[in-house]
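Asker: Pasting a predicted model and its sequence here:
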Amino acid sequence: MLRDAVRSLAEAKIAPHAAAVDEEARFPREALDALVANDLHAVHVPEEYGGAGADALATVIVIEEVARVCASSSLIPAVNKLGSLPVILSGSEALKKKYMAPLAKGEGMFSYCLSEPDAGSDAAGMKTRAVRDGDFWVLNGVKRWITNAGESEFYTVMAVTDPEKRSKGISAFVVEKSDPGVSFGAPEKKLGIKGSPTREVYLDNVRIPADRMIGEEGTGFATAMKTLDHTRITIAAQALGIAQGALDYAKGYVKERKQFGKPIADFQGVQFMLADMAMKIEAARQLTYAAAAKSERNDSDLTFQGAAAKCFASDVAMEVTTDAVQLLGGYGYTRDYPVERMMRDAKITQIYEGTNQVQRIVMARNLP
């Protein structure tokens, strides 16, 4: 029922704008409005804070179905979870009440600020500083590759509070867009997901109350990594949706396109390509859904399973979208058809929330 409801909404309210959102590289306002109106913009927020209280699998299905028609729009529910999960996992009760309620109501999105110009895969090498000043913390630094930066009202920011301790000297904070000293760089000019703004976040003597720290001092990096164990599965879901959208479009196209006097779907070479695409998508789906169940139960092998799902599904998305472009031939290479957009969008799923090379390191260190 959930899948049917989200698919109907996505096809009616989000799909019609997907090409224009990509072409104009603009935020998908129509998608945000439709998702908020149907309480699908942040389904993971627990009911006690006014949210829908969706479990990890339901969240995955929402993201998958939105990504099937527009990858940029699927980053609204995905990044709302990524940005707010540190607060849910480690924040004080007061902090949860303060920030989950407006997120659940659709009054503000949540972004996640971990990466920096010189701290990507090596996130523990960050330089953003937070210095205690009485009942306040003062933050200075630059965060890079921040999804929905400038659109979101709230930001989970990782900053160094004790430079001597490396990863154990990092703490997490909630920063608001309206805090004095917060500003944003120009939007990055990207290959794909052009409807989801990616910008630098500048913190220039941003003074915030001490109670905006998420968890204890020095626990920020552990919270960030724990968050990714859960949210990498949402990237797997996004990859899955992109791949499914590409297969669905290619499947329809090969039945209509005639060459040598018959639909190209009748040729065994084309049938084999479609069979491989469908098989790989199904394998990715099973891995992703199983990982979502583990996320919900907080199983001991979640770190491995989350990395495996993200890595496998994103590799599948890249392969399937490339094959979809191939199946459409010259048409697939033009912007008149959606598969080239899907191919461009798929690429980022192999990179963000930890590159697939990093996922393999994570898996190797956590072999079940």
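Answerer: Received the coordinates, thanks. On a predicted model such as this, the values are computed, not experimentally measured, just so you know.
Asker: Every contact and neighbour count from this point should use C-alpha atoms.
Answerer: Fine.
Asker: Chain neighbours aside, what residue packs nearest to Pro338?
Answerer: Closest residue in space to Pro338, ignoring its immediate chain neighbours: Ala19 at 7.3 Å, by Cα to Cα, 6 or more residues apart in numbering.
Asker: Do a quick rundown of the strands in the chain.
Answerer: Assigned by DSSP state E, the chain shows strands spanning 110-113, 129-133, 136-147, 154-160, 170-176, 182-184, 198-209, 213-214, 258-259, 262-263.
Asker: Switch the ones you listed over to JSON lines; also include distance to Val6, mean neighbour count and mean pLDDT.
Answerer: Converted to JSON lines, these look like this (distance: least, Cα to Cα, whole Å; neighbours: other Cα atoms under 10 Å; pLDDT from 0 to 100):
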{"stretch": "strand 110-113", "distance to Val6": "21", "mean neighbour count": "28", "mean pLDDT": "98"}
{"stretch": "strand 129-133", "distance to Val6": "41", "mean neighbour count": "18", "mean pLDDT": "98"}
{"stretch": "strand 136-147", "distance to Val6": "23", "mean neighbour count": "22", "mean pLDDT": "98"}
{"stretch": "strand 154-160", "distance to Val6": "26", "mean neighbour count": "27", "mean pLDDT": "98"}
{"stretch": "strand 170-176", "distance to Val6": "30", "mean neighbour count": "26", "mean pLDDT": "98"}
{"stretch": "strand 182-184", "distance to Val6": "32", "mean neighbour count": "18", "mean pLDDT": "98"}
{"stretch": "strand 198-209", "distance to Val6": "26", "mean neighbour count": "20", "mean pLDDT": "98"}
{"stretch": "strand 213-214", "distance to Val6": "32", "mean neighbour count": "26", "mean pLDDT": "98"}
{"stretch": "strand 258-259", "distance to Val6": "33", "mean neighbour count": "12", "mean pLDDT": "98"}
{"stretch": "strand 262-263", "distance to Val6": "32", "mean neighbour count": "13", "mean pLDDT": "98"}
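Asker: Make a markdown table out of those and add distance to Lys13.
Answerer: Converted to a markdown table, these look like this (distance: least, Cα to Cα, whole Å):
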| stretch | distance to Lys13 |
| --- | --- |
| strand 110-113 | 22 |
| strand 129-133 | 42 |
| strand 136-147 | 22 |
| strand 154-160 | 26 |
| strand 170-176 | 30 |
| strand 182-184 | 29 |
| strand 198-209 | 23 |
| strand 213-214 | 36 |
| strand 258-259 | 32 |
| strand 262-263 | 32 |
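Asker: Out of the ones you listed, flag the one nearest Val36.
Answerer: The closest of these to Val36 is strand 110-113. By Cα to Cα, the value is 13.8 Å.
Asker: ok, the closest one: who's next to it in the sheet?
Answerer: Paired strands of strand 110-113, with direction, are strand 154-160 (parallel) (DSSP bridges).
Asker: Now do the strand it pairs with and strand 129-133, the angle between them.
Answerer: Angle of strand 154-160 versus strand 129-133, following axes from the mean of the first three to the mean of the last three Cα atoms, to 10 degrees, is 90 degrees.
Asker: shouldn't the residue nearest to Pro338 be in contact with Val339?
Answerer: No. Judged on Cα atoms under 8 Å, Ala19 makes no contact with Val339 at a distance of 10.6 Å.
Asker: higher neighbour count, the two?
Answerer: Val339 (30 against 19; other Cα atoms under 10 Å).
Asker: what's the more buried one in contact with, if anything?
Answerer: By Cα atoms under 8 Å, 6 or more residues apart in numbering, the contact list for Val339 reads Ala246, Tyr249, Thr321, Ala324, Val325, Gly332.
Asker: which one of those residues is nearest Ala222?
Answerer: Thr321 (34.9 Å).
Asker: Run a quick neighbour tally on that closest one.
Answerer: Thr321 has 29 neighbouring residues, counting by other Cα under 10 Å.
Asker: Report whether the expected contact of it with Ala243 is present.
Answerer: Yes. Using Cα under 8 Å, Thr321 is in contact with Ala243, at 6.0 Å.
Asker: Give the intersection of the neighbour lists for those two.
Answerer: Shared contacts of Thr321 and Ala243 (Cα under 8 Å, 6+ apart): Met342, Ala346.
Asker: Leaving out the residues flanking it, which one is nearest to the residue most central in space within the chain?
Answerer: Closest to where the C-alpha atoms of the chain average out (Cα atoms, centre = their mean) is Ala78, at 4.3 Å. Counting by Cα to Cα, 6+ apart, Thr234 is the residue found nearest to Ala78 once chain neighbours are left out, at 6.0 Å.
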